[in-house]
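Chemist: from the sequence below, what's the structure:
(one chain, ligands or ions: 1)
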Amino acid sequence: MSTFMMYQPLTSGSLIDHAARYHADTEIVSVNTRGGTERTTWQQVAHNAHRVASALDHLGVPSGARCATLAWNNRRHLEIYFGVGAGGRVTHTVNPRLSDEHLIYILNDAEDDVLFFDFSFCPLIQRLRPHLKTVKHYVLMEPHTDDIPEELAPLLFFDELLEHGDKNHRWPEFSETTPASLCYTSGTTGMPKGVLNTHRSLVLHTLSSNQPDGTGISARDCLLPVVPMFHVNAWGTPFIAAMVGARLVLPGAKLDGESLLQLLSSECITVAFGVPVIWANVLEALQNHPRPLPHFRRSFVGGAALSPAMTEIFETEHRIELVHAWGMTETSPIGTINAPLHRPQPLTEAHALTLKSGQGRPVFGIDLRLVDADGQTLPSDGKTRGYLQVRGHWVVGHYFNQDKSALTEDGWFDTGDIGTLDEHGYLILCDRAKDIIKSGGEWISTVELENVAVAHPEIQRAAAIGVTHPKWDERPVLICVRKSGSEVDEAALHLWFQARVPKWQIPDKILFIDTLPMSATGKVLKNELRHEYGQILMGART
Ligand code: AMP
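Modeler: Numbers count the residues shown, from 1 in each chain. Next comes the predicted model:
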């Protein structure tokens, strides 16, 4: 290797050490699982991260071992994030909202040595423990307590474990392509698959996604990652916060609209991150109990489509910008973020609105293309719909424990999403390939139908699905949740659609239910809706 410039491996340890040295006193606020709020600093978090690594050395946990977490967003989780990975092991974050079957599969597939868990997951651990084949150390993320069921013994306590750790411990040296963290997909079709991020991919993701046209977080920000640390590294926010020394507020287990609103206001949050349903709940809380949020400027929203109607209400009524972003577990997750371009010729209002409602354009390090069903590249003309493929520095190559590449022959990852791209890379996602409605050979975007539905003042949430039809193969059916107190009916919504979409795209049926089934990662479970309502048009006249 040339020595003209210094070489230092890109590692997560360098991020936390930077925060400890140059942002030592910046506050980390953590809502505890058992109630109360704790305040610490980047320096104390870094000290504890070093203690985690050294305590794991004392326990004899080998380098490269997977250490799982079942935990909310809190400061101990943050210390594990850095201490495990920078200590040469792999932080394996596990989504507690998955089924027991998937959790057992994931923990055995990852062959975790250690399982760190929050107090609220004691009953879950009791159920899982008899089925876990490799876990040698169960660590409750608490000080020592006798307040735990007998069946959970033997058990280690996080704070006691750290007493055996050394805050001056030095991170081991290793290559930047060493694995740092492991996150499984949510497995809505088939079993979950593990995506193993390396230190290099994680640091490049952090650097690139935080550019001014990306998340643009600075040391002057106070961050609220509502997106859980148990799903795709909370979109990389702990690493971004450490890199720039931002103040970080970790919201714990209470993620309802009112609790979040409380934090947004009392902790002077400037920037937040969360899936659309979180912001729908915050909006409802805000409408029920209005309060000023003078510091809160913007939130990054992704994981599912953000409706333009919600963006507009936040902007016009509360001066809060919702920034739409796209990504997936396989892309670490940031792929695109919606930021405008400098345009010598201004766009028409309609074009600007269309682009604003989309998922944005790729950050440096991500490349996108569209292909047809035969894998032929399609034009990026802003009109042609195709299957979205991606490649880049933090995109999966092959899944954990699988020999086969996850990529196409020419090295791209097929996202399973369908959308359009324009010449600047602006992505507008129409659907998942498995959700798009195929009506008589034409595609109908469920996202577009849902956006029209939730723009209606009396509709809280909506999901469109393709339902088997005797003549057209599939036709759209819309399933809605009304706002409280509303009695809006099918006929009224039908008129609403008539005025807004071509006739052949109007849903054949509109149903109302109390709640939509949601996945562990904030997406509507459309396969459950298809299972329930998939045959309701079979008696339809052709
Ligand atoms: P996950 O791996 O669980 O994070 O899910 C990734 C999938 O979520 C993507 O492939 C998309 O289908 C969906 N998704 C993520 N962000 C968006 C977005 N902004 N709009 C619509 N769908 C999204």
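
Chemist: where along the stretch 201-350 of the chain do the strands fall?
Modeler: Taking DSSP state E, counting those that start in this stretch, the strands of the stretch 201-350 of the chain run over residues 222-225, 247-250, 271-274, 298-301, 321-327, 334-337.

Chemist: I'd like the distance from the last one to the chain centre, please.
Modeler: Meaning strand 334-337. Offset of strand 334-337 from its chain centre (CA atoms, centre = their mean, to the nearest Å): 11 Å.

Chemist: packing partners for it?
Modeler: Strand 334-337 sits against helix 199-209, strand 321-327, strand 361-362, strand 366-371, with contacts defined as 3 or more CB pairs under 8 Å, 6 or more residues apart in numbering; DSSP states H and E. Quick note: C-beta positions are derived from backbone N, CA and C, even for glycine.

Chemist: which helices and strands sit right next to the shortest one?
Modeler: Counting by 3+ CB pairs under 8 Å, 6+ apart, the packing neighbours recorded for strand 361-362 are strand 334-337.

Chemist: sorry, back to before: of all the strands of the stretch 201-350 of the chain, which one is nearest residue 24?
Modeler: Nearest of those to residue 24, taken as CB to CB: strand 247-250 at 12.8 Å.

Chemist: just the C-alpha atoms of the closest one, please, in PDB.
Modeler: Output of strand 247-250 as PDB, limited to C-alpha atoms (Å, rounded to 0.1, in the frame of the first residue of the first chain):
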ATOM      1  CA  ARG A 247     -27.200  15.900  21.200                       C
ATOM      2  CA  LEU A 248     -29.100  12.700  21.100                       C
ATOM      3  CA  VAL A 249     -32.500  11.900  22.700                       C
ATOM      4  CA  LEU A 250     -33.300   8.200  22.900                       C
END
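
Chemist: partner strands of that strand and their direction?
Modeler: strand 27-31 (parallel), strand 222-225 (parallel) (DSSP bridges).

Chemist: buried sites along the last one?
Modeler: Residues 222, 223, 224, 225 are the ones in strand 222-225 that count as buried (16 or more other CB atoms under 10 Å).

Chemist: domains of this structure?
Modeler: In the domain annotation for the chain, the residue ranges read 12-253, 338-432, 437-533 (automatic domain parsing).

Chemist: so which residues on this protein come close to the ligand?
Modeler: With CB under 6 Å from any ligand atom as the criterion, the chain comes near the ligand at residues 185-186, 232, 302-305, 324-329, 333, 359, 415-417, 429, 432, 521.

Chemist: list buried residues within those.
Modeler: Using 16+ other CB under 10 Å, the buried ones in the residues of the chain next to the ligand are 185-186, 232, 302-305, 324-329, 333, 359, 415-417, 429, 432, 521.

Chemist: in this structure, where's the longest helix?
Modeler: In the chain, assigned by DSSP state H, the helix with the most residues is helix 42-59.

Chemist: export the helix or strand following it to PDB, keeping only CA atoms.
Modeler: Downstream of helix 42-59, the first helix or strand assigned by DSSP states H and E is strand 66-70. Only the C-alpha atoms of strand 66-70 are listed here, as PDB (Å, rounded to 0.1, in the frame of the first residue of the first chain):
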ATOM      1  CA  ARG A  66     -22.300 -12.100  17.400                       C
ATOM      2  CA  CYS A  67     -23.800 -10.300  20.400                       C
ATOM      3  CA  ALA A  68     -27.600  -9.900  20.100                       C
ATOM      4  CA  THR A  69     -29.700  -7.100  21.500                       C
ATOM      5  CA  LEU A  70     -33.400  -7.100  22.200                       C
END
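
Chemist: I'd like the average pLDDT over the helix or strand just after strand 66-70.
Modeler: Moving toward the C-terminus from strand 66-70, the next helix or strand (DSSP H and E) is helix 75-86. Mean pLDDT, helix 75-86: 98.

Chemist: quick check: buried residues in helix 75-86?
Modeler: Under 16+ other CB under 10 Å, the buried positions of helix 75-86 are 75, 76, 77, 78, 79, 80, 81, 82, 83, 84, 85, 86.

Chemist: and the next element down the chain from that helix?
Modeler: Toward the C-terminus from helix 75-86 - assigned by DSSP H and E - lies strand 90-93.

Chemist: including mean pLDDT, could the strands paired with strand 247-250 go into JSON lines?
Modeler: Supplementary listing: the strands paired with strand 247-250 in JSON lines, determined by pLDDT from 0 to 100:
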{"stretch": "strand 27-31", "mean pLDDT": "98"}
{"stretch": "strand 222-225", "mean pLDDT": "98"}
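
Chemist: mind listing what the residue of the stretch 151-300 of the chain found nearest the ligand touches?
Modeler: Per CB to the nearest ligand atom, residue 186 is where the stretch 151-300 of the chain lies closest to the ligand, at 4.8 Å. By CB atoms under 8 Å, 6 or more residues apart in numbering, the contact set of residue 186 is 95, 98, 192, 231, 329, 519, 520, 521, 523.

Chemist: what comes into contact with stretch 207-225?
Modeler: Applying CB under 8 Å, 6+ apart, the contact partners of stretch 207-225 are 23, 26, 73, 234-238, 240-241, 243-251, 260, 263-264, 267-274, 295, 300, 334, 337, 339, 363-366, 393.

Chemist: so how far does it reach from one end to the other?
Modeler: Stretch 207-225 has its terminal residues 18 Å apart, counting by CA to CA, to the nearest Å.

Chemist: again with stretch 516-533
Modeler: End-to-end span of stretch 516-533 (CA to CA): 13 Å.

Chemist: equivalent analysis for stretch 392-406, please.
Modeler: With CA to CA applied, stretch 392-406 spans 13 Å between its terminal residues.
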